[in-house]
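Engineer: Sequence and predicted structure, then a few things I'm wondering about:
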Amino acid sequence: MPVTAYATPAFCDGIQYFGETPAEVAAYLDGAAIGEGARAIASPTDPKAVYQTILAADALRYLTLQMTASKQSGHPGGFASIADGIAALVMLGHKNLITEVGHHAPGFYSTVFLDRSLEAMGIGTVNQLCDRFRETDGLLGHLSGQIPGLLNPAGPLGQGQHFAMAGAKLHPNTLFPVTIGDGGLGEPYIISSMGHFTTAYPQSTNFLPILVWNGFSQEHHSMVSTQSNEAMVAYWHGNGFTDVILLDAKEYDDADQPGAYVDSTAFSLKQRMAFTQALLEATDRAAKQALSGTLTVLIVKQLKGAGVHKRGAKSHNLYPGDSLEKDYIAAALQARALPAAGWDLVRTNFERSNGGPNVKTAVTESELPLADLGQLPLNEFPLDGDKQIATTAMGLLVGHVGQQDSTFVVTNADGNAASGISNINQALKIVHPTTDDLYFQGPTGQVYEPLSEDACAGMAAAQALFGGRSLWCSYESFAINGLPIWQTVTQAMAELRRSTPSTICLFTAGALEQGRNGWTHQRPEIENYFAAMMRNGNVFPLFPVDANSIQACYDWAVGTNNKGITITASKSPLPVRTTLVQTREALETGTITLQETPGEKTVVFAVVGDMMLLPVFEATAALAQAGIGSKIVAIVSPRRLYRSSDVAWENCRDGDDTFLSDAAFATLFDGDALMGITGGSSAMLEPVMLRSTSPRDVMAWKRGETTASAAKLMAFNGLTTEAIVARSKTLLLG
């Protein structure tokens, strides 16, 4: 059938090469395999559906290669080896697609281009698809939160399964396939996180890991490339999967390709049909089992780069010079070229699949209904009364949230009791297959406790991104292991086109409380991470002053959207210095003035942290005896103390442009000297040091050591009353 026999669809504007239809399959182009009003093909064994799945896979390969070659940049090879699998999922009506592999981004862009989702961002033709790839306000090199129809961001390996599992938990009747690269399989968190999830939520089998077993990583053979099929199947069985379905392209090869990994696009048409039908059947079986309670994994074994310009690791990345004019690029595009009628059918099938374009039907394209929390039961402690534990006060509020919202989840790797929040366990119970009242655990619990910060951060952050409430609790020192996915999600939240609950963290047991545990438990450098992220625009590290202050902080946090909020507080009993109203105001202005002492000259103390206030108050008393005045300003929300121009708030959804004015800053911090003091990272004091014109200095954490008390650890870091007094006097003398 010549190309001219069919009018070229308008969306094909920009396609460089069109193919012809072999006579033996012309009958399979007489209409879309997904009928009008249908959500999927009628049968995975229907020859028309099989051939149109081949067309879809080749269309995805074609677009992926043309898009990347148009910019001489990007990653076509990995996705090319699973293009048949993605095509099969779409033809079967499963489009809530998730990936662990950021390098597959061009293929996923091609998928949502074909189903018309990208029209929501003004991409309606292939020319526009290529023009907008890897451009500002376009299709960035790795998946983000802003692309219509795509469910999850993807950059660092080892994260995608968290999104699939959170989706499965929140949407029990929807399938969430997640592609996992065999290079990424080396990340230790993938299998362990799935193991804990499936033990905690055995009914949530509706996520479907799809291993892209193509034999290669980015620049070499993958570390699992030498495993036999039997060993790979045994590996997944050994990690709790009931059914392991492996489809090996080698078994269908009639092109005499060497090696264990082969390219299905090199098969004869007869064998491509056989391979594709087997893949449709395997995918259909895997999907149905996952949706009906059987933990299932699908493994597709096919050579990396199948059907594109190169094979193996050489197909992974395009470099300058890998242009559309290169003979090997042109030859690959010509080999994959579809007839105009084929493009039209692929577009129709993708648009009809699952009831419409993903931009309208994906679960993340609408806001998840949330339970009404009512008023949180705040308990305002009297000033100067008994000392109170801030984390425990917050724990009572967390229990209330979970009791009102059954989808709410609290995650913690090191145990809530160790952080002074065992009341959360008592109220919500640890989710565990063994019921034991002594440990407050049972199958319907809402406290998720894998011994992995990645799994904790992953579940909490992914649930927030997918529209549910969550709280990640961690020792400040250990949280670093979970921060990569938390950062990924907060960045995605800034870019989202919808509102979603903020991802909230409680970091307890700060370094100053962990003397006897030594430096392994003393890592407040984590605050550097958040200090840098504050400039993103939607990240708010909070440092409540006391048990009243932390309640106001959490009350504010659960009412926000699309933010990343960290609350850092001690688990030790500390004085109650503030009212709820003061912190509510501080969440807008950034600070609370705790004390002003008159004197001939005035030292202003800008203090981050609750425990650090103890030597500061003692220092002001000593300074007063010397006739030196002081002011103690507690920094509750340092992000508010930046200037508007310091922060990229304009580019965030619901951009928050509340910053302390110059006049208000001067009123707070102007003095004869300014001392920034923190028991954590000095980076949290940057907004103050940046704006102040007073003589100023910083006293902050240096490094950890084993000590018998918090006071001795402060002394090791030079954070004593005597040191603060001496430094203040030196600063005043100039």
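Structural biologist: Cool, the structure landed.
Engineer: How about the backbone phi and psi for N538?
Structural biologist: Main-chain torsions, N538, degrees, to the nearest 10: phi -120, psi 20.
Engineer: List the contacts of it.
Structural biologist: By C-beta atoms under 8 Å, 6 or more residues apart in numbering, the contact list for N538 reads T490, M493, A494, N562, K563, G564, W649, C652, R653, D656. No exception for glycine: its C-beta is placed from N, CA and C like everyone else's.
Engineer: Repeat that for E525.
Structural biologist: Contact analysis of E525 by C-beta under 8 Å, 6+ apart lists S681, W701.
Engineer: Might you specify the subset of the contacts of N538 located within strands?
Structural biologist: Under the assignment DSSP state E, the contacts of N538 contribute G564 to strands.
Engineer: In helices only, show me the contacts of N538.
Structural biologist: Secondary structure from DSSP state H places T490, M493, A494 of those in helices.
Engineer: Let me know the distance separating the closest residue to the second one other than its chain neighbours from H316.
Structural biologist: What that stands for is M493. Nearest non-adjacent residue to M493, counting by C-beta to C-beta, 6 or more residues apart in numbering: N562, 4.4 Å away. Taking C-beta to C-beta, to the nearest Å as the measure, N562 and H316 are separated by 33 Å.
Engineer: Which pLDDT value belongs to the residue nearest to M493?
Structural biologist: We note a pLDDT of 97 for N562 in this prediction.
Engineer: so how far is Q463 from the most centrally placed residue in the chain?
Structural biologist: By C-alpha atoms, centre = their mean, the chain has its centre lying nearest to V489, at 3.2 Å. Separation of V489 from Q463 (C-beta to C-beta) stands at 10 Å.
Engineer: thinking again about what came up before, which residues does the residue nearest to M493 contact?
Structural biologist: Residues near N562 by C-beta under 8 Å, 6+ apart: M493, A494, L496, S499, T500, S502, N538, C652, R653, D654.
Engineer: ok, these vs L685, which is closest?
Structural biologist: The nearest member of the contacts of N562 to L685, counting by C-beta to C-beta, is N538 at 21.0 Å.
Engineer: Same list, the ones in helices among the contacts of N538, but as JSON lines with pLDDT please.
Structural biologist: JSON lines is the format used below for the ones in helices among the contacts of N538 (pLDDT from 0 to 100):
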{"residue": "T490", "pLDDT": "96"}
{"residue": "M493", "pLDDT": "95"}
{"residue": "A494", "pLDDT": "94"}
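Engineer: Just the CA trace of the one helix or strand in the chain whose mean pLDDT sits lowest, in CSV.
Structural biologist: Lowest by mean pLDDT, DSSP states H and E among the helices and strands of the chain is helix 710-716, with a mean of 91. Output in CSV follows, covering the C-alpha atoms of helix 710-716 (Å, rounded to 0.1, in the frame of the first residue of the first chain):
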residue,chain,number,x,y,z
ALA,A,710,24.3,17.4,75.8
ALA,A,711,26.3,20.1,77.7
LYS,A,712,29.6,18.3,77.1
LEU,A,713,28.7,17.9,73.5
MET,A,714,28.0,21.6,73.3
ALA,A,715,31.3,22.3,74.9
PHE,A,716,33.1,20.1,72.4
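Engineer: tell me the SS of P177?
Structural biologist: At P177 the chain is in strand, as set by DSSP: H, G, I helix; E, B strand; the rest coil.
Engineer: residues in contact with E187?
Structural biologist: Shown in contact with E187 (C-beta under 8 Å, 6+ apart): L157, G158.
Engineer: from here on, count from 761
Structural biologist: Shifting the count to begin at 761 puts that one at E947.
Engineer: And the longest helix seen in the chain, what's buried?
Structural biologist: Ranked by residue count and defined by DSSP H, the top helix of the chain is helix 807-831. Using 16 or more other C-beta atoms under 10 Å as the test for burial, helix 807-831 gives 808-831.
Engineer: mind giving me the domain split of the protein?
Structural biologist: Per automatic domain parsing, the structural domains of the chain span 763-1121, 1148-1493.
Engineer: so where is the stretch 1311-1460 of the chain shaky, pLDDT-wise?
Structural biologist: The stretch 1311-1460 of the chain contains no residues with pLDDT under 70.
Engineer: Where do the strands of the stretch 761-910 of the chain begin and end?
Structural biologist: 858-859 (DSSP state E, counting those that start in this stretch).
Engineer: ok, back up a step: any of the contacts of N1322 buried? List them.
Structural biologist: Buried subset of the contacts of N1322 (neighbour count, 16+ other C-beta under 10 Å): M1253, A1254, L1256, T1260, S1262, N1298, C1412, R1413.
Engineer: quick one: which of the residues you listed is nearest to M1449?
Structural biologist: Checking the buried ones among the contacts of N1322 against M1449 by C-beta to C-beta gives N1298 as the nearest, at 23.0 Å.
Engineer: Tell me the spacing between the closest one and N1172.
Structural biologist: According to C-beta to C-beta, N1298 stands 24 Å off from N1172.
Engineer: Tabulate the domains of the chain (CSV), appending distance to L1136.
Structural biologist: Listed next are the domains of the chain as CSV, based on distance: least, C-beta to C-beta, whole Å:
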stretch, distance to L1136
domain 763-1121, 23
domain 1148-1493, 5
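Engineer: So for P1129, which of the ones you listed sits nearest?
Structural biologist: Set against P1129 and scored by C-beta to C-beta, these come closest in domain 1148-1493, at 8.6 Å.
Engineer: Distance across the closest one, terminal residue to terminal residue?
Structural biologist: One end of domain 1148-1493 sits 39 Å from the other (C-alpha to C-alpha, to the nearest Å).
Engineer: Report the beta-bridge partners for the closest residue to A1038 other than its chain neighbours.
Structural biologist: Closest residue in space to A1038, ignoring its immediate chain neighbours: L1007 at 5.9 Å, by C-beta to C-beta, 6+ apart. In this entry, L1007 is beta-bridged to V1060, by DSSP bridges.
Engineer: How about the contacts made by L1007?
Structural biologist: With contact set as C-beta under 8 Å, 6+ apart, L1007 has these partners: F1035, A1038, L1039, A1042, L1058, I1059, V1060, K1061.
Engineer: Let me have those residues in CSV, adding neighbour count and pLDDT as columns.
Structural biologist: Shown next, in CSV, are the contacts of L1007 (neighbours: other C-beta atoms under 10 Å; pLDDT from 0 to 100):
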residue, neighbour count, pLDDT
F1035, 24, 98
A1038, 19, 98
L1039, 26, 98
A1042, 19, 98
L1058, 26, 98
I1059, 24, 98
V1060, 24, 98
K1061, 22, 98
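Engineer: can I get those residues in TSV with distance to P1398?
Structural biologist: Output for the contacts of L1007, formatted as TSV (distance: C-beta to C-beta, whole Å):
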residue	distance to P1398
F1035	57
A1038	58
L1039	53
A1042	53
L1058	47
I1059	48
V1060	48
K1061	51
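Engineer: Can you tell me which of those lies closest to R1399?
Structural biologist: Nearest to R1399 among the contacts of L1007: L1058, at 43.8 Å, using C-beta to C-beta.
Engineer: So that closest one, which state does it fall into?
Structural biologist: With three-state DSSP as the basis, L1058 sits in strand.
Engineer: ok, back up a step: show me how far the longest helix of the chain is from its chain's centre.
Structural biologist: 29 Å (C-alpha atoms, centre = their mean, to the nearest Å).
Engineer: Against which helices or strands is it packed?
Structural biologist: The criterion is 3 or more C-beta pairs under 8 Å, 6 or more residues apart in numbering; DSSP states H and E, and the helices and strands that helix 807-831 contacts are helix 837-840, helix 843-851, helix 865-874, helix 886-892, helix 1029-1051, helix 1087-1096, helix 1100-1112.
Engineer: Much appreciated, bye for now.
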